[in-house]
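In: here is a sequence with its predicted model. Questions after.
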Amino acid sequence: MSYLRALMGTHARAGTLDWIGVRPARRAEMVALDRVAVGPTLAGDHAAPGKRAVTLIQAEHLPVIAALCGRAVTEGALRRNLVVSGINLAALKGRAVRIGGAMLRLTGPCAPCSRMEETLGRGGYSAVRHHGGWCAEVLSPGEIALGCAVAPEATP
């Protein structure tokens with residue numbers, strides 16, 4: 001069992017933060033940023049502190065969603081705060097993850113909402129299912145910027 005645990009804690013490399021976006025208000029357009037302060041939430045985002053304070057999605061899932069709904073999908077279309085590449089977010093569930101100067105913990109999947117039908121057209125909701133990213137809580141504040149490494153903290 002400890003061998004499997006070691007395998008599950010091993011990642012080929014750190015990922016990269018490719019896109020940052022905040023939602024100033026419910027249903028407001030996403031605002032793309034080069035950097036942002038992370039406190040209880042991302043500065044300028046309307047999310048409440050807690051287990052869903054920050055949302056993340058893998059860049060690798062955007063073309064999958066686009067193929068499933070038959071149209072182009074931009075970073076901001078899915079309304080996730082952070083787009084990362086090069087690391088499997090599902091493998092980090094429950095783990096502390098350092099992004100720049102901040103520490104987050106991935107708390108669970110970020111399910112799509114019915115708004116995906118508006119944004120992506122008919123079938124948009126189903127296209128995002130199981131590809132919609134992850135929710136996270138803020139463990140320690142700091143600043144993050146495009147290009148920052150996304151890496152799990154070592155487990156004790």
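Out: Yep, it's here.
In: what residue is smack in the middle of the chain?
Out: For the chain, residue 56 is the residue whose C-alpha lies nearest the centre (CA atoms, centre = their mean; 0.5 Å).
In: got the contact list for it?
Out: 80-84, 89, 104, 106, 110, 133-134, 136 (CB atoms under 8 Å, 6 or more residues apart in numbering). C-beta: built from backbone N, CA, C; applies to glycine.
In: ok, which stretches of the chain are strands?
Out: Along the chain, counting by DSSP state E, strands occupy 15-22, 31-33, 35-38, 54-58, 82-85, 96-99, 102-109, 134-140, 142-145, 149-152.
In: what is the fifth one packed up against?
Out: Right, the one you point to is strand 82-85. strand 15-22, strand 54-58 (3 or more CB pairs under 8 Å, 6 or more residues apart in numbering; DSSP states H and E).
In: the last one pairs with which strands, and in what direction?
Out: When you say that, I think you mean strand 54-58. Strand 54-58 pairs in its sheet with strand 82-85 (parallel), strand 134-140 (antiparallel), by DSSP bridges.
In: closest to residue 147 out of the ones you listed?
Out: For the strands paired with strand 54-58, the distance to residue 147 is smallest for strand 82-85, at 11.0 Å, taking CB to CB.
In: okay, now the closest residue to residue 95 other than its chain neighbours: neighbour count?
Out: For residue 95, ignoring the flanking residues on the chain, the nearest one in space by CB to CB, 6 or more residues apart in numbering is residue 152 at 4.9 Å. Residue 152: 18 surrounding residues under other CB atoms under 10 Å.
In: now swap in residue 35 and tell me
Out: The burial count assigned to residue 35 is 14, neighbours taken as other CB under 10 Å.
In: for residue 77, what are its contacts?
Out: The neighbours of residue 77, taking CB under 8 Å, 6+ apart as the test, are 119-120.
In: quick check: bridge partners of residue 37?
Out: residue 143.
In: sweet, I'm off.
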